[in-house]
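[1] below are the sequence and a predicted model for it; my questions follow.
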Amino acid sequence: MSVRKQLRTALCGLALTGLAVTAVPATAVATPVATGAAKVSPVAAAEDAAARALARSFADSAWRAEAGSAVAGGAETGLGALAETSRTRAAASLATVVAAADRAVVAAKGLPADTGGLLTVTLAGARGSGRAPLVAVEPSDDEITAVTAYDTRGRAHTLDASRMPDVPVYVVGVDGEKAVEAGTRVLERELAAAGVTTAAANATAATAPAASTAPTAPTTSTASTTSTASSTGFWTSRITSVRLADDKETWIKGDAEIFSIVSGFGLDGKVRVDTVTHPYLDDAGTTYHPNQILVNWSLYKYNLADAVMMEDDGDTDYSALAKAIAAALLTIADLGAYIPLVDPVVDALPSSFWTDDADFVDAWYTLAREMTGTRDGAGANGRFTFDRYWVSAL
């Protein structure tokens with residue numbers, strides 16, 4: 001999902017940096033091109049190492065055929081597991097490189113060592129064309145115009161990011177869904193360790209069960225009453241539909257991996273943060289109907305909360321994100337009236353989140369417990385439709 005430049009400028013007034021690349025036709029793959037010396041993230045460096053090794057390993061025709069069959073369905077496949085299950089010599093050598101790259105990716109994203117392999121491979125381009133395959137890395141920059149791909153001799157070639165190439169292209173990337181699931185757990189755990197109130201991710205991210213007879217809807221007030229957290233259940237704000245703006249993604253980009261950071265003041269008057277994952281929210285320009293709880297109002301002192309939506313673009317460091325958000329939010333005290341928390345959260349984002357179309361998607365200020373209907377994000381990139389939903393106790 002693209003994070004539009006005007007959105008970021010309007011919300012934060014931050015300067016953006018970009019990489020200008022001259023695209024060449026997708027068919028022009030015979031002439032090697034020199035690789036640039038631009039600084040890359042640790043995740044991108046690990047992906048690139050794995051991609052180069054995978055490309056060279058395809059010189060082994062038996063392994064190449066085996067790998068091609070494994071990814072022929074178009075599904076994202078774990079690269080490490082794919083190499084480890086093969087009995088070919090080329091795959092055995094590749095597995096060693098991929099294991100090291102996987103460890104580097106996990107460490108760079110601030111995830112625990114037991115997260116497991118995150119590197120994946122998919123197949124794009126003209127499948128079954130009979131032409132030798134290339135291997136590329138899924139870019140974190142959604143506005144990139146050219147893609148570097150490697151051949152079996154390790155040479156780099158330039159592909160046009162706007163046109164599907166006429167050769168098979170294996171794309172190495174990061175399992176975003178797995179990374180988000182592990183990352184939000186790290187985020188909440190580290191925020192809690194720093195003193196910010198959090199809850200388990202599934203307390204707010206899970207779809208609500210069928211409701212029993214709901215009580216009278218809560219009346220509008222500045223602070224929540226004890227009735228919202230009664231023993232019979234609690235009120236929530238449920239997402240009945242969600243849509244992100246069309247961002248003209250390129251052929252090499254996979255599905256988006258989206259999560260939201262919901263913030264407000266807990267019942268103890270201290271700043272509270274809950275994370276909500278949106279694994280269904282894959283494509284821009286598509287309306288989804290998840291019936292997913294965004295805010296559990298029994299956890300908040302006031303009847304207002306904020307939400308910041310983000311995307312894991314591959315290089316998100318959840319540990320760094322948690323530290324930055326905690327440092328910003330712990331300076332805010334409850335003064336007896338609700339204080340919006342979007343700006344402190346957005347301002348706390350590490351500078352890397354604003355480079356190459358990084359992970360900020362949109363933000364919603366002062367979501368109310370009584371709200372229903374459609375709410376556009378502050379940057380007009382996202383749109384939620386809400387209803388009030390009573391979750392009954394068992």
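    Arrived safely, thanks for sending.

[2] got the contact list for the residue nearest the centre of the chain?
    In the chain, the residue lying closest to the centroid (CA atoms, centre = their mean) is Asp312, at 2.3 Å. Shown in contact with Asp312 (CB atoms under 8 Å, 6 or more residues apart in numbering): Val174, Gly176, Ala179, Val180, Gly183, Glu257, Phe259, Asp359. All C-beta atoms are positioned from the backbone trio N, CA, C, and that covers glycine.

[3] and the first one, what does it touch?
    Pointing back at Val174 there. Val43, Glu47, Val105, Leu118, Leu119, Thr120, Glu138, Asp312, Gly314.

[4] beta partners for it?
    Note on Val174: beta-bridge partners by DSSP bridges are Leu119.

[5] considering the contacts of Val174, which possesses the most neighbours?
    When neighbours are taken as other CB atoms under 10 Å, the top entry among these is Glu47 (30 neighbours).

[6] what pLDDT does Leu335 get?
    Looking at Leu335, its pLDDT stands at 87.

[7] could you list the low-pLDDT ranges of the stretch 201-350 of the chain?
    Applying pLDDT under 70 to the stretch 201-350 of the chain picks out residues 201-231, 246-251, 254.

[8] quick one, helices of it?
    Ranges of helices within the stretch 201-350 of the chain are 202-205, 318-329, 342-348, based on DSSP state H, counting those that start in this stretch.

[9] distance from the longest one to the middle of the chain?
    I take that to be helix 318-329. 17 Å (CA atoms, centre = their mean, to the nearest Å).

[10] buried ones in it?
    Residues of helix 318-329 classed as buried by neighbour count (16 or more other CB atoms under 10 Å): Tyr318, Ser319, Ala320, Leu321, Ala322, Lys323, Ala324, Ile325, Ala326, Ala328, Leu329.

[11] count of residues packed around Arg131?
    13.

[12] what number of residues lie near the closest residue to the residue nearest to the centre of the chain other than its chain neighbours?
    Once flanking residues are discounted, Asp312 sits nearest to Glu257: 4.3 Å by CB to CB, 6 or more residues apart in numbering. For Glu257, the neighbour count with other CB under 10 Å is 27.

[13] Glu257 reaches Ala182, doesn't it?
    No - counting by CB atoms under 8 Å, Glu257 stays clear of Ala182, with 11.4 Å between them.

[14] residue contacts, the residue lying closest to Thr152 once chain neighbours are set aside?
    Excluding the flanking residues, the one nearest Thr152 by CB to CB, 6+ apart is Ala59, at 4.3 Å. Applying CB under 8 Å, 6+ apart to Ala59 gives the contacts Ala90, Thr152, Arg153.

[15] so for the last one, what's the pLDDT?
    What it means is Arg153. For Arg153, pLDDT reads 94.

[16] can I assume it sits in a helix?
    No - counting by DSSP: H, G, I helix; E, B strand; the rest coil, Arg153 is not part of a helix but coil.

[17] heading C-terminal from the helix or strand harbouring Ala67, find the next helix or strand.
    According to DSSP states H and E, Ala67 maps onto helix 61-70. Sequence-wise, the next helix or strand downstream of helix 61-70 (DSSP H and E) is strand 77-78.

[18] tell me what that following strand is packed against?
    Secondary-structure packing of strand 77-78 (3 or more CB pairs under 8 Å, 6 or more residues apart in numbering; DSSP states H and E): strand 119-125.

[19] after the strand it packs on, next one along is what?
    Next along from strand 119-125, by DSSP H and E: strand 134-137.
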